[in-house]
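Peer 1: Predicted model follows, preceded by the sequence.
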Amino acid sequence: MPTRVCFELRVRPEMIDAYVARHTPVRADMLAEIAAAGRRNYSLFLGEGGRLVGYYETDDDAAAQAYLAASPIAAAWEAEMAPFFLDLDGRPDQAATALTEVFHLADQLADVVDTASPDPMASAPTESTRP
């Protein structure tokens, strides 16, 4: 099962338009590095006041982090992007605030199916239990 990772950063309000422009589109070499690191289904969402929430899935987040930390392409991109963020101590890809997942629909639906009675008629009323 993939690991789902969500994080938050703050884009400087006066730099929001430039930040969006830098991601429309992201350079091809950086896109390739993200994919080579094993991250997929990667999205960034920009909210009011520069609140940025990111999400991706990976099979091994530690390995993906290590790959990008060692990548000269990612290091250059992160150095270019660092001035866009408020209250950041380090590279944006490593210093973002991790968010804790508290709900995932597919996981909970799978749990319901796994714990459901194997016989759907087991709980159905019978002639002797009907009022």
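Peer 2: Yep, that arrived.

Peer 1: When you work out contacts or count neighbours from here on, use the C-alpha atoms and nothing else.
Peer 2: Will do.

Peer 1: right, and the secondary structure at the most centrally placed residue in the chain would be what?
Peer 2: What sits nearest the mean C-alpha location of the chain, by Cα atoms, centre = their mean, is Tyr55, with 1.7 Å. Under the three-state scheme (DSSP: H, G, I helix; E, B strand; the rest coil), Tyr55 adopts strand.

Peer 1: Which residues are in contact with the nearest residue to it once chain neighbours are set aside?
Peer 2: Excluding its sequence neighbours, the residue lying closest to Tyr55 (Cα to Cα, 6 or more residues apart in numbering) is Cys6, at 4.4 Å. Cys6 makes contacts with Val53, Gly54, Tyr55, Tyr56, Ala98, Leu99, Thr100, Glu101, as judged by Cα atoms under 8 Å, 6 or more residues apart in numbering.

Peer 1: my read: the fifth one touches Phe7, true?
Peer 2: When you say that, I think you mean Ala98. Yes - in terms of Cα atoms under 8 Å, Ala98 counts as a neighbour of Phe7; the distance is 4.4 Å.

Peer 1: higher neighbour count, these two?
Peer 2: Phe7 (17 against 14; other Cα atoms under 10 Å).

Peer 1: Kind regards, and thank you for your time.
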